[in-house]
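A.B. asks: Need a 3D model of the following:
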Amino acid sequence: MQKVSSIWQGGQKNSVFFNQDVNLHIDEKGPRPTDLLLAGLIGCSQGVFLEIIEKMRIKVNSISMEAEAERESEPPKLFSTIALNYHIEVNEGLESKVVRAIKLVEQYCTVFNIMKLS
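C.D. replies: Sure thing, here's the model as predicted:
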């Protein structure tokens with residue numbers, strides 16, 4: 001079972017505890033909860049991608065990712081679009097395998113699929 005807890009610290013400040021060793025302090029200067037959703041999407045997608053390319057025996061020289069999202073203007077201000085951009089450097093000739101791996105991420109990434117259902 002996964003468990004996350006939070007303690008209000010006054011004002012707009014919260015301490016979020018992911019486990020005994022990891023906590024995150026959120027306030028008006030820090031990441032918004034929607035930023036954390038996008039960070040979760042990137043973390044899950046990149047982790048699944050790395051597992052897939054390892055199984056496919058693809059050597060990657062570098063990977064970076066970014067998520068860009070638009071939100072609706074009316075509450076609850078849901079995401080209207082999310083673009084997940086991969087920047088991947090591989091040796092020549094492996095591009096089609098990388099594209100296949102990215103398509104598999106969409107199938108196996110838990111966070112991607114949760115957000116897709118919303």
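
A.B. asks: Direction included, what does the worst-scoring helix or strand of the chain on mean pLDDT pair up with?
C.D. replies: Using mean pLDDT, DSSP states H and E, the weakest-scoring helix or strand in the chain turns out to be strand 23-26, at a mean of 85. Next to strand 23-26 in the sheet, as set by DSSP bridges, lie strand 13-17 (antiparallel).

A.B. asks: Distance from the chain centre to the strand it pairs with, please.
C.D. replies: Between the centre of strand 13-17 and the centre of its chain there are 20 Å (C-alpha atoms, centre = their mean, to the nearest Å).

A.B. asks: picking that back up, which helices and strands sit right next to the following helix or strand past the least confident helix or strand of the chain?
C.D. replies: Scanning forward in sequence from strand 23-26 by DSSP states H and E, the next helix or strand is helix 33-55. Secondary-structure packing of helix 33-55 (3 or more C-beta pairs under 8 Å, 6 or more residues apart in numbering; DSSP states H and E): strand 60-71, strand 79-90, helix 95-108, helix 110-117. The way it works is simple: take the backbone N, C-alpha and C, and place the C-beta from them, glycine included.
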